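In: could you look at this predicted model? Sequence included:
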Amino acid sequence: QVKLLESGGGLVQAGGSLRLSCAASGRSFFATTMAWVRQVSGEEREFVAASSWGGLHDVYADSVKGRFTISRDNAQNTVSLQMNNLKPEDTAIYYCVATANSRWPPIDYEYSGQGTQVTVSS
């Protein structure tokens, strides 16, 4: 069982920045693919970014490429999402998710945090 706890959401104006963090516990963090997905009310979850086992590889959704950066600290068991040049369409609940499957890129995730709200005003 993996427990994930997000922090760092909030309200920001368009063009601003936010940094989300996720603390993980419960299994080997190094051998866990970590990712961020987001969801707007009434819509399906959308992939944002992922970091492979050990952080060897990263992948991003086209909509955030060049603006968002995923990073992980394997010693602290944390993964972060630095979000720059935020746009109103980035408004969503952001979830930290994880999978023990080493498949790359990841397809689905067994574990999810509770989510943190990000609101970008125009």
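Out: Great, that's in hand. Small disclaimer: the values here were computed from a predicted structure and weren't measured.

In: against residue 59, how distant is the most centrally placed residue in the chain?
Out: Centroid-nearest residue in the chain: residue 36, 2.1 Å away (criterion: Cα atoms, centre = their mean). Separation of residue 36 from residue 59 (Cβ to Cβ, to the nearest Å) stands at 11 Å. Quick note: C-beta positions are derived from backbone N, CA and C, even for glycine.

In: if I look at those two, which residues touch both of them?
Out: By Cβ atoms under 8 Å, 6 or more residues apart in numbering, residue 36 and residue 59 have these common neighbours: 49-50.

In: quick one: the strands in the chain, in order.
Out: 3-7, 10-13, 18-25, 33-39, 46-51, 58-60, 68-73, 78-83, 92-99, 111-112, 116-121 (DSSP state E).

In: the residue nearest to the centre of the chain is in contact with residue 49, isn't it?
Out: Yes: using Cβ atoms under 8 Å, residue 36 is in contact with residue 49, at 5.2 Å.

In: which residues do these two both contact?
Out: Among the neighbours of residue 36, those also in contact with residue 49 (Cβ under 8 Å, 6+ apart) are 70, 81.

In: just to revisit the earlier point, dump the residue contacts of the residue nearest to the centre of the chain.
Out: Residue 36 sits next to 20, 22, 48-50, 70, 79, 81, 94-97 when contact means Cβ under 8 Å, 6+ apart.

In: most surrounded residue in these?
Out: Tallying neighbours with other Cβ atoms under 10 Å puts residue 79 at the head of those, with 30 neighbours.

In: so what's it bridging to?
Out: For residue 79, the beta-bridge partners are residue 22, residue 72 (DSSP bridges).

In: tell me which of the strands of the chain lies nearest to residue 105.
Out: Closest to residue 105 of the strands of the chain, according to Cβ to Cβ: strand 58-60, at 4.9 Å.

In: pLDDT (mean, whole number) over that closest one?
Out: Across strand 58-60, pLDDT averages out at 97.

In: what's it packed up against?
Out: Here strand 58-60 touches strand 46-51, strand 68-73, going by 3 or more Cβ pairs under 8 Å, 6 or more residues apart in numbering; DSSP states H and E.

In: what pairs with it, parallel or antiparallel?
Out: In the sheet, strand 58-60 lines up against strand 46-51 (antiparallel) (DSSP bridges).

In: cheers, nothing more for now.
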